[in-house]
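Enquirer: Here is the input, now give the coordinates:
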Amino acid sequence: MRHKCAALLLSMAMLLATSPATAQQTTGEITGRVTDTTGGVLPGVTVILRSNGIAGIQTTITSGEGLYRFPLLPPDSYELEYVLEGFVTLRRSDIPVAVGQVVDLNVQLQVGGAAEVVTVTGAVPVVNAASTAVSTNYGREWVRNAPVRRNSYFDYVNSAPGISATSNVGQSSGAQSLGSSSNENLYMIDGTNISSTPWVAGDVVEQVEVVQLGASAQYGNVQGAVFNIVTRAGSNALRGDVNFYFQNDALTGRNTTDEYDNGRPYYRDTYRDLTLQASGPFVANKLWFFGALEHLTDFDAQPGADPRFPALNEARKVFWKFNYNINQNHRLMHGYHDDYYWIPGTPTLFTAPETITLSHGHNPTPNIVYTATLTNALVMEARYSGYFLQSSLDPNMEGAPRVGTRYEDVATGAITGVIDEWRENRSWRNGASVKFTKFTERLFGGSHDTAFGFQYMGQGGKTLAGPNDTITTVNGVPVEGTTRLPYYQGSTASTWGIYIDDTFRYKRATINMGIRYDDSNAAFPSLPFVDALGMPTGEMSPAVDSLYRWRVVSPRLGFSWTLNQSGATILKAHVGRYYSELSANDFRPAVPSITPAYSFSIDADGNRYDFVETSSNANLSIDSNLKAPYTDQVMAQIEQQLTPGIGLQVSYAHKRGHDYSGWKDVTGVYELVPYVDNEGIDATGETVMVYRLLSDPADRQYLLTTPGGLYSRYNGVTIQLTRRMADNWSAVGSVVFSRATGRLPSSARATASTTQTSTPGTFGQSAAGPNDYVNTEGLLVGDRPVVAKLNFVYQLPWGIMAAANLQYQSGKPYARHVRVPDLGFPTPPTIAMEERDGSRRVAPLKLVDVRLQKDFPLPGSPMTLSLFIDMMNLTNDASYQGIASNLGTSSAFGVATNFIPPRRFQLGTKVQW
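Expert: Okay, the predicted model is just below:
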């Protein structure tokens, strides 16, 4: 036994030394054992695999243990045929394979003539004993018929159990999963790690996999969920579809009153979305293509906002994918996506139109993947991928000035003047990887799927920013302000990692053991210094090759145990450590090319005086021993197959996050002093201990470090019921009961619309210093005690299809704040007067979205015409996602803003062939 272990370890080491790999998962797998009716294994059985998604047919022969497997299968429905002389031929049809799924398909052959054929349709277990993770898959039926906005893949992701969109207003580009922050997720499209930036069109998506708990060691630099998006691909059949979606104000309801919106309800200016998809063969069984185009125009105005100046959201997207089957064992795939976009901020009752920003640009995203079946037991995947973002930030209102003065009134919540800053940005991310997966039929009494991997990823960006002067007013009277000259800001980060991940199957047990090592480095490039107009002066900032490094080891262990002979009941558990990605954005504020920021006071005549430097590259530094944030995760789950097509999952998850980054004033001198909370709305009269700055504000020095006191805790129970598509209907229903507590950088000075993040931001910096610790320990800003969802599709007679997407989510919590004067800060710091305990929350989200569709086959043609209506927010819920101000001294405190759109009827048509 000792020699076998040594040989195995040596083999692993040799593969790791010669073969980089990563965890980009875009395929599934079918595996199983063939026996006779007495349970005896049958070697030598010919197993034939057919599908529209693969070139020709694939065949394999069962081993001496009766085992067979088909790896690297694109998501599709498959047919398998089992042939052996002396036995009746068995045909299994309609076997669905989802992305990331291992379908364990054990069969029995009956004695008889091979010319006899028995066909069995479907009958794949709805529980998954082959995986130790908690995940949800959305297949083709839901993706193509879901009554969601379809602006991007986020609209599908946000339908998954326990997932909460960062916003249900405007364009959401992030999500939270089971207590994790929005920056802690991993977003992948066809295996490309895109960190959520490119928005692939909804009609391009083939399948969605959401891995929420128990991700294997193949996934690195992720503390939250893994969102795995697989796009459509070509085949030997010429197929396609054209889709058109239409909304206008006449099809839009109203969910606010005159008292709130001053006679300006939600206004739908324009909504038109046209998509075109086509796929087929250039060369049958050899070279396939898929291509897509989209043009979206989505203009609207929030309640109370001026409808003459709606938010101008527009997108023009292009996508293509080529699949080249070199031969049965070697394949090549190339994909490309680009999104020419215009994404506005959200106008509200309190914001002047000229203060709303418009982000616009495009993001070329190429990838190329080579897969090879080297032997019956060894497969390999190599890839290059990346994205290259070019973007600008300008006013949303046409003709509004880019440069000027911005006014923010702390008494009324009104914002006037100009946008807060203009920007020109270039960001990029790319990587190369190779993965080997070795199947061992028998070792230590069972079979093994062992993955060996190495991956490299680089990321970075360069931004020219022009902050506008911001004046703080009280009931229209200027009292203070901030100013800063334009500057370049940029940073780079790189990560390489290796892992070994083994899935061991023995009788009724599946054990997944993995460990990965990641080495990440942070650096500053050399950047231009610029003048007051943003023009380069000819001088450059010094480059820094290594600011800090993270060298981390992530062990993970999971198991799955089938509790009964029928395989209907499965117990799963997982424990693992998950480290954060080293993001180039986290340390960017300290780059030497940044200009100083100043605060100032304003006298009665409007003159500026008492300028104090509040931030500059001279007073920001980075701890070379900065620690890597991590989350320890523990999960237990029971799966029960209630009927052949219905499965129940009940899981418990506990997460503990530590070592989050923040800023620390290492030179300032502070003292704790009492402050009586006796001003503004809901003042309590209680005494709150706050920090007064005793030293000169200009002498403060801030260190990006691991300051202590930042942590997260999550406890949650998920109940999920899944009904696989059969008898014309499918459904996924879930409810999550949870509690997320701790203190994260986003906990300080947070409003109800603050996105929960664990990036350092400005926590502990000049705005409030150590006051960011006051009353910020409690519920996290993304805490939602109850998240319930139901998605279903039903195929009615007469070519009518009905689909529904129902959601309930508790509102996010917020706390009352006050700007406390006379604490020695250049401007009064905003400090929480109460803990975020859940007593104040925005309205819960209650959505009912329904689609009705009628199909009309066109006589004498392979085409089908479909007409449909999407009824979104059918109950006309008036949930709001934000408040105008979190300041108790403001008349706008707690006033609802960012309402979800009211009831809308979306008319659509599609032509398929």
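
Enquirer: Tell me which residues are up against stretch 724-731.
Expert: Stretch 724-731 has contacts (Cβ atoms under 8 Å, 6 or more residues apart in numbering) with 96, 122, 124, 126, 139, 141-142, 645-647, 721-723, 790-796. Any C-beta I mention is one placed from the backbone N, CA and C, and that applies to glycine too.

Enquirer: Filter those residues down to the buried ones, ChimeraX style.
Expert: Selecting only the buried entries of these in ChimeraX, with 16 or more other Cβ atoms under 10 Å as the criterion:
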select :96,124,126,139,141,142,645,647,721,722,723,790,791,792,793,795
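
Enquirer: Narrow the contacts of stretch 724-731 to those in strands?
Expert: Secondary structure from DSSP state E places 96, 646-647, 721-723, 790-796 of those in strands.

Enquirer: Can you name the two of those that sit furthest apart?
Expert: The largest separation in the ones in strands among the contacts of stretch 724-731, counting by Cβ to Cβ, is between G647 and L796 at 24.3 Å.

Enquirer: ok so, going back, between the ones in strands among the contacts of stretch 724-731, which sits nearest F322?
Expert: Using Cβ to Cβ, those come closest to F322 at P96, 25.1 Å.

Enquirer: Just give the closest residue to that closest one, not the sequence neighbours.
Expert: In this structure, P96 finds its nearest non-sequential neighbour in S77, 5.3 Å apart by Cβ to Cβ, 6 or more residues apart in numbering.

Enquirer: Give me the helices and strands touching the one helix or strand that neighbour maps to, please.
Expert: Element membership for S77, per DSSP states H and E: strand 76-83. If you count contacts as 3 or more Cβ pairs under 8 Å, 6 or more residues apart in numbering; DSSP states H and E, strand 76-83 packs onto strand 28-36, strand 46-50, strand 89-97.

Enquirer: Do you know the pLDDT at G53?
Expert: For G53, the pLDDT comes out at 82.

Enquirer: Correct me if wrong: it contacts D76.
Expert: Yes: between G53 and D76 there is a contact under Cβ atoms under 8 Å: 3.6 Å.

Enquirer: Can you spell out the domain ranges of the protein, please?
Expert: Domain assignment for the chain, taken from automatic domain parsing, gives 2-121, 134-231, 239-370+379-564+572-903.

Enquirer: would JSON lines of those domains with distance to Q912 be doable?
Expert: Output for those, formatted as JSON lines (distance: least, Cβ to Cβ, whole Å):
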{"stretch": "domain 2-121", "distance to Q912": "15"}
{"stretch": "domain 134-231", "distance to Q912": "9"}
{"stretch": "domain 239-370+379-564+572-903", "distance to Q912": "4"}
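
Enquirer: Just name the most buried of those.
Expert: Comparing the domains of the chain by mean neighbour count (mean count of other Cβ atoms under 10 Å), domain 134-231 ranks first with a mean of 24.

Enquirer: what is the mean pLDDT for that domain?
Expert: Domain 134-231 comes out at a mean pLDDT of 81.

Enquirer: what's the distance between it and the middle of its chain?
Expert: Here the centre of mass of C-alpha atoms in domain 134-231, compared against the chain's by Cα atoms, centre = their mean, to the nearest Å, lies 5 Å away.

Enquirer: next one: stretch 117-135
Expert: Using Cα atoms, centre = their mean, the offset of stretch 117-135 from its chain centre is 27 Å.

Enquirer: Dump the C-alpha coordinates for that stretch into PDB.
Expert: Output of stretch 117-135 as PDB, limited to C-alpha atoms (Å, rounded to 0.1, in the frame of the first residue of the first chain):
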ATOM      1  CA  VAL A 117     -34.200  -3.300 -28.600                       C
ATOM      2  CA  VAL A 118     -35.600  -1.900 -25.400                       C
ATOM      3  CA  THR A 119     -36.000   1.900 -25.200                       C
ATOM      4  CA  VAL A 120     -36.300   3.800 -22.000                       C
ATOM      5  CA  THR A 121     -36.900   7.500 -22.000                       C
ATOM      6  CA  GLY A 122     -35.500   9.900 -19.400                       C
ATOM      7  CA  ALA A 123     -35.500   8.200 -15.900                       C
ATOM      8  CA  VAL A 124     -32.400  10.000 -14.700                       C
ATOM      9  CA  PRO A 125     -32.300  10.500 -10.900                       C
ATOM     10  CA  VAL A 126     -33.200  14.000  -9.900                       C
ATOM     11  CA  VAL A 127     -30.800  13.800  -6.900                       C
ATOM     12  CA  ASN A 128     -27.000  14.000  -7.600                       C
ATOM     13  CA  ALA A 129     -24.800  11.600  -5.700                       C
ATOM     14  CA  ALA A 130     -21.800  12.300  -7.900                       C
ATOM     15  CA  SER A 131     -21.300  15.800  -6.500                       C
ATOM     16  CA  THR A 132     -20.600  17.200  -3.000                       C
ATOM     17  CA  ALA A 133     -21.500  20.800  -3.900                       C
ATOM     18  CA  VAL A 134     -24.800  22.700  -3.600                       C
ATOM     19  CA  SER A 135     -25.800  24.000  -7.000                       C
END
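
Enquirer: Make 687 the first number, not 1, from now on.
Expert: That works, and once the first residue is 687, the last one we named lands at stretch 803-821.

Enquirer: Where do the strands of the stretch 787-936 of the chain begin and end?
Expert: Using DSSP state E, counting those that start in this stretch, the strands assigned to the stretch 787-936 of the chain run over residues 788-790, 793-795, 803-807, 820-824, 849-851, 861-863, 872-875, 878-879, 891-899, 912-917, 925-933.

Enquirer: Pull up the pairing partners for the second one, direction included.
Expert: Put plainly, it is strand 793-795. strand 714-722 (parallel) (DSSP bridges).

Enquirer: Identify all contacting residues around the partner strand.
Expert: The contact list for strand 714-722, computed with Cβ under 8 Å, 6+ apart, reads 727-728, 731, 733, 735, 748, 751-761, 764, 766, 768, 770, 773, 781, 783-797, 816.

Enquirer: got it, and stretch 975-983?
Expert: So stretch 975-983 is contacted by 837, 887, 889-890, 917-920, 956-968, 999-1009 (Cβ under 8 Å, 6+ apart).

Enquirer: how about a cut-off of 7 Å?
Expert: By Cβ atoms under 7 Å, 6 or more residues apart in numbering, the residues outside stretch 975-983 that reach it are 837, 887, 889-890, 918-920, 956-966, 968, 1000-1008.

Enquirer: In strands only, show me these.
Expert: Using DSSP E, those in strands are 956-966, 968, 1000-1008.

Enquirer: Stretch 894-908: end-to-end distance?
Expert: Terminal residues of stretch 894-908 are spaced 18 Å apart (Cα to Cα, to the nearest Å).

Enquirer: typo on my end, it should be stretch 1004-1021
Expert: First-to-last residue span, stretch 1004-1021, Cα to Cα: 11 Å.

Enquirer: average model confidence for that stretch?
Expert: 94.

Enquirer: ok, the ones in strands among the contacts of stretch 1410-1417 vs T1370, which is closest?
Expert: L1476 (40.9 Å).

Enquirer: Run through the bridge partners of the closest one.
Expert: So, taking DSSP bridges as the rule, L1476 has G1419, L1492 as bridge partners.

Enquirer: if I look at it, how far off is L1407?
Expert: Using Cβ to Cβ, to the nearest Å, L1476 is found at 9 Å from L1407.

Enquirer: same check, this time on I1555
Expert: 27 Å.

Enquirer: same question, E870
Expert: Separation of E870 from L1407 (Cβ to Cβ) stands at 27 Å.

Enquirer: just T1181 next, same as before
Expert: T1181 is 39 Å from L1407, by Cβ to Cβ.

Enquirer: Repeat that for E1520.
Expert: Look at E1520 and L1407: by Cβ to Cβ, they are 39 Å apart.

Enquirer: Report the mean per-residue pLDDT for the host helix or strand of D984.
Expert: D984 is located in strand 973-987, with elements delineated by DSSP H and E. Mean pLDDT, strand 973-987: 95.

Enquirer: tilt between it and strand 925-933?
Expert: Relative orientation of strand 973-987 and strand 925-933, computed by axes from the mean of the first three to the mean of the last three Cα atoms, to 10 degrees: 0 degrees.

Enquirer: so where do the helices sit in the protein?
Expert: 688-704, 826-831, 840-843, 944-947 (DSSP state H).
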